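Asks: kindly generate the corresponding structure for this input.
(one chain, ligands or ions: 1)
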Amino acid sequence: MRVDVLTIFPDYLAPLRLSLVGKAREAGILDLRVHDLRDWTTDRHRTVDDTPFGGGAGMVMRPDVWGAALDDVLTPGAHLLLPTPSGEVLTQRTAHAVAQDAHLVVACGRYEGIDARVAEHYRAAGVRVTEYSIGDYVLNGGEVAALVLVEAVARLLPGVVGNPHSLVEESHGEAGLLEYPVYTKPPSWRGLDVPDVLLSGHHARIARWRRDEALHRTAQRRPDMLAALDEGALDRHDREV
Ligand code: ADE
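Replies: Numbers count the residues shown, from 1 in each chain. You can find the predicted model right below:
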């Protein structure tokens, strides 16, 4: 997969050299390129923003600069992603869908955002454009949201996570539940014991216990997820939990 990130702060994306994403790049699974938007400015001050029409606080990013950059970076069939607090919320489902794309272009806005004509223009030109938010809070710009997207997507690419099974059981996975609590050695720590069932070696009982814990957690912390569960996804035991 190729990913181009456009930003006025390329250094913000430095963590993408580390850990699994860094390894995916070294392995050639992920071709990640970070660009400085100011390389597409034409004035002496390398200006990327201006005051908003209609008045109000803050500055808006200019469509001409973004247009020049995106015209250069977009390829036929590329998916343009625009992080913004007013976008649709990024979910594991979105991450799986985006992981199927061959080329992503992430355009990080700053200040009050990017002139709305940029999204409008590329949509009209037939480019797939997704405005996404990583949650109901406001960041200073799209860079952290780009980091989140790239990490969430990169770990779904074949060959990035060593054991593909670990992608199945985790929170927001196929079961639609949060993940059960996990434990390792020592079996007793500061007076707290690992639940006996996990030491029992009884695989069916362990699976049932984990499922019950996942259901309890989800009910407590994310009742919205529990409510969204398909009736068919619950077995007879689940209903008793
Ligand atoms: N830019 C600023 N806040 C954001 C958010 N919550 N999600 C995505 N991009 C953003």
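
Asks: ok, the one residue sitting closest to the centre of the chain to the ligand distance?
Replies: With distances taken as Cα atoms, centre = their mean, the residue of the chain nearest its centroid is Leu149 (2.9 Å). Separation of Leu149 from the ligand (Cβ to the nearest ligand atom, to the nearest Å): 9 Å. Backbone N, C-alpha and C define where each C-beta goes, glycine included.

Asks: what's the domain layout of the protein?
Replies: For the chain, the structural domains run 2-154, 170-240, going by automatic domain parsing.

Asks: any idea which of those domains is most buried?
Replies: Comparing the domains of the chain by mean neighbour count (mean count of other Cβ atoms under 10 Å), domain 2-154 ranks first with a mean of 17.

Asks: pLDDT of it, averaged?
Replies: Average pLDDT, domain 2-154: 97.

Asks: now that domain, how far from the chain's geometric center?
Replies: In terms of Cα atoms, centre = their mean, to the nearest Å, the centre of domain 2-154 is found 12 Å from the chain centre.

Asks: residue contacts, the most far-flung residue of the chain relative to its centre?
Replies: Here the centre of the chain is the reference, and by Cα atoms, centre = their mean the most remote residue is Gly191, at 37.8 Å. Applying Cβ atoms under 8 Å, 6 or more residues apart in numbering to Gly191 gives no contacts.

Asks: now the one 4 residues further on
Replies: Pro195 is in contact with 183, 209, counting by Cβ under 8 Å, 6+ apart.

Asks: relative to the helix or strand hosting Thr130, what are the paired strands and their orientations?
Replies: Using DSSP states H and E, the element containing Thr130 is strand 128-133. Partner strands for strand 128-133, per DSSP bridges, with pairing direction: strand 79-89 (parallel).
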